[in-house]
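Undergrad: structure, please.
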Amino acid sequence: MKFRTKFFFLAALTAMMCLFAGNAVADGDAFADEAPAPTYVPARSYTCGGTDEIVVSAPGEWQVGENQVCVIRFRAAHRYQTVSVIHPLANGLECLGTQPSASRQGNNIVWNLGNVEAGEERTFQVQYRSVSDVDLKLCAFLQTTSCSCSAAKTVRARIAIEKTGPETAILGENVPYTITISNVGDGTARDVVLNDYLPEGLRHSSGSAQLSQNIGSLAPGESKTLTLSAQAVSRGRHCNRAVVNTSNAGTAESTACTVVQERQLQLTKDGTKSQFLGRKANYTITVTNPGDASLTDVVVVDTLPPYTTYVSSSGGSVQDNKVIWRLNTLGAGQSQSFNVTVTCHTPGTHVNTVTAECREGLRRDAEAPTIWRGMPAVRLEVVDHPDPVEIGGETIYTISVMNQGTAQDGNVEVIAVFPPSLKPLAVSGATNSRIDGQRVIFAPVPVIDPKQEIIYKIKAQALSVDDARLKVSVKTNLLETPVTEEESTHLY
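TA: Numbering: from 1, shown residues only. Below is the predicted model of the structure:
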């Protein structure tokens, strides 16, 4: 710091001393006595050293015994750390008071101002009484300590980060995140580096679990936004943490958590495994959402197979050979079941298929095969002709075996047993048949189709008077216990 002392004089420093009686500077800010209003001649002002920082003004003439006022005006040309205005007491004048109050240092009146800014102005007044007829020289000078300053503002960079992402995401889809890095301070943030740490449930296309980005510098108030996309590879809550480091603005971090959900759709169909033709088969269709995200606009379509006929269903709309159900929403963990009933008149295995689809693009299929089979129904009839029969005469027994059902039967075995009053003579309508005493045994027929009829004929002779009873039995794969038919013939 440089110090300098400036002295300003209105004239030569002769007559710089002012006679004081005791302490000539009055106490307080007011003048000691009320001075009469003087009649001024034009004032004269003097400066010394070519500066106008301080100017002394006083009347040009002083009457002995009169009170006059000397005015000192100070305007700082610079900023001063300390400054004092010094006014030497003039010879031939009696000092009555100052405004503002001043201190006395030897023969000087001193105003200590302290720090003064450039351009600041001050005014000082001294009241005098002329006590002798000498010429007056009134002066003032500055005693200052000047300084040179460099203004500087203290700033601080402060880094902030905000990471945002979706609260929920779907397994297998890309999850977008936004990272905003800001300098919220008033200084430049330098060497800004972003590091992003991916959890196990998220995977970046690079395969790396830590991603870095050099941001550089951020000016005060400046922000930079980056985007990041990662694939959701497992269900659950996954938190993605981002950390920003700097060389002068500290560290900040932000975490965005996303719950990864899975959309799932299941479809099952259960029904009658086997049924006889002409009867009803019932099916239950169940659509389930085992995932943790809702499904919307779920459509279930059950397609009836050929040769079957729709009977009824639990709701749904019937269009041609399809039954359709619609669900606006199928929430996570929810299930919905439907029933459909059909019938069939054509034997065989017919597969009932169903599909379920939703707006989210999931599709599932299910099926339920049913074996439609007929029921064999074997009818046995025995008719004699003629009846009655004279002893020694002959009659013909016609045996009819017919499958009245809707399915094949097989291994048809027919045996006719005659009473002693009748003697079997001959057999027709079957090969490999034989007469074994009173029994006629027909060779087994491997298959008898629905509506097929097998006819056997036996010629017999009446031997004695009797109400003769011919017993015929038939046994098949279905009829494990033989069915027996009797035919009565009157012999005379």
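Undergrad: all strands of the stretch 1-150 of the chain, in order?
TA: Using DSSP state E, counting those that start in this stretch, the strands found in the stretch 1-150 of the chain span residues 4-5, 44-46, 54-58, 67-75, 80-88, 93-99, 103-105, 108-116, 121-130, 141-146.
Undergrad: following the last one in sequence, what is the next regular element?
TA: What it means is strand 141-146. strand 159-164 (DSSP states H and E).
Undergrad: JSON lines for the strands of the stretch 1-150 of the chain, including mean neighbour count?
TA: C-beta here means a position set from N, CA and C on the backbone, and glycine is covered the same way. Formatted as JSON lines, those follow (neighbours: other C-beta atoms under 10 Å):
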{"stretch": "strand 4-5", "mean neighbour count": "12"}
{"stretch": "strand 44-46", "mean neighbour count": "14"}
{"stretch": "strand 54-58", "mean neighbour count": "21"}
{"stretch": "strand 67-75", "mean neighbour count": "20"}
{"stretch": "strand 80-88", "mean neighbour count": "20"}
{"stretch": "strand 93-99", "mean neighbour count": "22"}
{"stretch": "strand 103-105", "mean neighbour count": "13"}
{"stretch": "strand 108-116", "mean neighbour count": "16"}
{"stretch": "strand 121-130", "mean neighbour count": "18"}
{"stretch": "strand 141-146", "mean neighbour count": "18"}
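Undergrad: run through the bridge partners of G114.
TA: Following DSSP bridges, G114 is listed with bridge partners V83.
Undergrad: pretty sure it is touching S84, no?
TA: No. With contact taken as C-beta atoms under 8 Å, G114 and S84 are classed as non-touching, separated by 9.1 Å.
Undergrad: and I399, which of the strands of the stretch 1-150 of the chain is closest to it?
TA: Closest to I399 of the strands of the stretch 1-150 of the chain, according to C-beta to C-beta: strand 108-116, at 145.0 Å.
Undergrad: how about CSV for the strands of the stretch 1-150 of the chain, with mean pLDDT and distance to V440 added?
TA: What follows is the strands of the stretch 1-150 of the chain, written out as CSV (pLDDT from 0 to 100; distance: least, C-beta to C-beta, whole Å):
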stretch, mean pLDDT, distance to V440
strand 4-5, 34, 160
strand 44-46, 37, 171
strand 54-58, 91, 164
strand 67-75, 93, 158
strand 80-88, 89, 151
strand 93-99, 93, 166
strand 103-105, 92, 165
strand 108-116, 91, 150
strand 121-130, 94, 156
strand 141-146, 78, 155
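Undergrad: phi and psi next, for the nearest residue to R326 once chain neighbours are set aside.
TA: Distance criterion C-beta to C-beta, 6 or more residues apart in numbering; nearest residue to R326, sequence neighbours excluded, is V299 at 5.5 Å. Dihedral angles of V299 (phi, psi; degrees, to the nearest 10) stand at phi -120, psi 120.
Undergrad: next, count neighbours for V299.
TA: A count of neighbours around V299, defined by other C-beta atoms under 10 Å, yields 15.
Undergrad: how near is it to L265?
TA: 11 Å (C-beta to C-beta, to the nearest Å).
Undergrad: same check on A462?
TA: Counting by C-beta to C-beta, the gap from A462 to L265 is 80 Å.
Undergrad: same thing with V472?
TA: For V472, the distance to L265 - C-beta to C-beta - is 62 Å.
Undergrad: could you do I285 as well?
TA: I285 is 13 Å from L265, by C-beta to C-beta.
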